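Trainee: Dropping the sequence and predicted coords here.
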Amino acid sequence: MQFWFDVTCPFAWQTSRWIKEVEKVRDITVEWIPMSLSVLNDGRDLDPGYMSAMEAAWGPARVFTRVALEEPGAVDGLYTAMGTIIHAGKESGKKGFGAYDGVIEQALKDAGLSSIYATAANSEQVDEKLREFHDAAMESVGDDVGTPVLKLGDTAFFGPVITRVPEGEEAGELFDAAVRLAQFPYFFELKRSRTENPQV
């Protein structure tokens with residue numbers, strides 16, 4: 001399966017932690033691929049506060065892109081390292097270009113990766129490839145969605161959007177249900193109003 005993510009997104013983070021639980025109870029292979037809320041919202045007329053958050057999100061997405069290009073097997077560990085700092089460590093919601101530079105530096109160290117990757121954060125050197133990764137997610141799932149995007153077999157979905165992380169067999173059962181729904185080519189969407197934020 002393929003999992004596209006933006007590390008700054010709390011919903012993608014919760015879904016990714018669920019997939020990490022699924023890995024313990026189901027025989028799955030996950031390809032972790034960066035996408036970008038900054039790319040998704042590029043050129044849109046946004047609230048200034050959200051626009052500033054999108055400026056900040058470029059840095060991590062660029063770093064993940066360079067790692068994905070040079071050491072794709074390291075993306076998983078870096079996502080865990082950086083996501084833990086951002087979400088569990090309450091370093092989310094940063095604003096402005098370069099706002100995640102310290103987080104990036106620490107996460108690369110925690111993941112055992114070279115600090116040279118951090119140079120991508122405030123440069124456009126990998127933006128074309130980042131857009132390619134992002135576009136692949138959009139081509140798989142369609143328009144009007146965000147992150148994460150999961151591709152299960154031949155079918156991709158936005159989400160699932162979860163606020164808590166199931167563990168053990170419960171994680172496996174939720175995965176089984178998602179896989180089963182993906183097997184119906186005429187199934188597209190289930191949705192209800194969300195009543196709580198991610199419980200990190």
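Mentor: Cool, the structure landed. Treat the numbers as computed from the prediction; the structure is a model and nothing was measured. Numbers count the residues shown, from 1 in each chain.

Trainee: could you show me where the helices are in this structure, in order?
Mentor: Counting by DSSP state H, the chain forms helices over residues 10-25, 37-40, 48-70, 75-83, 101-110, 127-141, 168-182, given from the N-terminal end onward.

Trainee: Please name every helix or strand in contact with the longest one.
Mentor: If I follow you right, that is helix 48-70. Judged by 3 or more C-beta pairs under 8 Å, 6 or more residues apart in numbering; DSSP states H and E, helix 48-70 is in contact with strand 31-34, helix 37-40, helix 75-83, helix 101-110, helix 127-141. C-betas here are computed from N, CA, C, even on glycine.

Trainee: Just put these in CSV and tack on mean neighbour count and distance to K90.
Mentor: Listed next are those as CSV, based on neighbours: other C-beta atoms under 10 Å; distance: least, C-beta to C-beta, whole Å:
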stretch, mean neighbour count, distance to K90
strand 31-34, 22, 23
helix 37-40, 21, 19
helix 75-83, 22, 12
helix 101-110, 18, 11
helix 127-141, 17, 26
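
Trainee: Quick one: closest of the ones you listed to T163.
Mentor: Closest to T163 of the helices and strands packed on helix 48-70 is helix 75-83 (C-beta to C-beta; 15.7 Å).

Trainee: Mind giving me the packing neighbours of that closest one?
Mentor: Contacts defined by 3+ C-beta pairs under 8 Å, 6+ apart place helix 75-83 against helix 10-25, strand 31-34, helix 48-70, helix 101-110.

Trainee: same thing but 6 Å
Mentor: Helices and strands touching helix 75-83, as assessed by 3 or more C-beta pairs under 6 Å, 6 or more residues apart in numbering; DSSP states H and E, comprise strand 31-34, helix 48-70, helix 101-110.

Trainee: Next, the angle helix 10-25 makes with it.
Mentor: Calculated by axes from the mean of the first three to the mean of the last three C-alpha atoms, to 10 degrees, helix 75-83 forms an angle of 130 degrees with helix 10-25.

Trainee: circling back to that earlier point, looking at the helices of the chain, spot the one closest to E189.
Mentor: When the helices of the chain are compared by C-beta to C-beta, helix 168-182 sits nearest E189, at 10.1 Å.
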